[in-house]
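Have a look at this prediction, sequence included:
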Amino acid sequence: NDIALKNQFGEFKSIDDYKGKVVLMDFWFSGCNPCLKDMKYFPKLLEKYQDDLVIMSVTFDSDSLTKELLISKKEPWDFLVENNPNWTFYNNKYGEDYIKRLNITTYPTYLLFNKKGELISTPFSGIFGVENELSGLFGINITIKKNFKSILFFIVKFLFFYTILFSSIILIFNYTKKKLSKKNRTY
């Protein structure tokens, strides 16, 4: 908590500067596809939790690359918000040192701090884990919307598989029953 990092506004901020808010510290880099997929939902998280949530996105990418992503907003980075004080980006030498100090080796990695600035969780299951920590299982509406097609596909596949399985069992049962009844007939 004691290290202040320089954000895109040129300000040095640490977790302690955000006491009274929940802080999601997001470790990412521009070539990380899972990072990109989860970050696309950060604007929705910020909208959902409004002023109660702050996101600190920390990367080892260069200042110039991050600035380019924030300003140009080219696909697939068009969802980034450069001027939201509740979503700040850190990528200077201090950010790289911080990543090394915390021994961050997988991306994305999330650290979730409560309103007192205490680390409360390190959700490992992406946006689902973050949303579950913030709202509990019944508050994961962003995750459900994000994965609606996958969930629907799973349900259809599940139902199809068990329909085929059940139908096959019935056919085999009926076939076996007929065979046994023919075998047991007396002429």
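Done, it's in. Numbers count the residues shown, from 1 in each chain.

any weak-confidence spans in the chain?
1-2, 92-95, 125, 136-159, 161, 183-187 (pLDDT under 70).

Distance check, the most centrally placed residue in it against Tyr98.
Central residue of the chain (CA atoms, centre = their mean): Ile127, 2.0 Å from the mean position. In this structure, Ile127 and Tyr98 are 22 Å apart, going by CB to CB, to the nearest Å. All C-beta atoms are positioned from the backbone trio N, CA, C, and that covers glycine.

secondary structure element for the residue nearest to the centre of the chain?
helix 126-135 (DSSP states H and E).

Restrict that helix to CA atoms and write it as CSV.
Output of helix 126-135 as CSV, limited to C-alpha atoms (Å, rounded to 0.1, in the frame of the first residue of the first chain):
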residue,chain,number,x,y,z
GLY,A,126,-11.7,-13.1,-14.0
ILE,A,127,-14.6,-10.8,-14.1
PHE,A,128,-16.8,-13.5,-12.5
GLY,A,129,-14.5,-13.6,-9.4
VAL,A,130,-14.4,-9.8,-9.1
GLU,A,131,-18.1,-9.4,-9.4
ASN,A,132,-18.8,-12.3,-7.0
GLU,A,133,-16.5,-10.7,-4.4
LEU,A,134,-18.2,-7.3,-4.8
SER,A,135,-21.8,-8.5,-4.9
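
Can you tell me which helices and strands that helix packs against?
Helices and strands touching helix 126-135, by 3 or more CB pairs under 8 Å, 6 or more residues apart in numbering; DSSP states H and E, are helix 33-39, helix 42-49, strand 109-113, strand 119-121, helix 141-146.

swap the cut-off to 6 Å and go again
Contacts defined by 3 or more CB pairs under 6 Å, 6 or more residues apart in numbering; DSSP states H and E place helix 126-135 against helix 141-146.

check contacts around Asn114.
Contacts for Asn114 (CB atoms under 6 Å, 6 or more residues apart in numbering) come out as Ile120.
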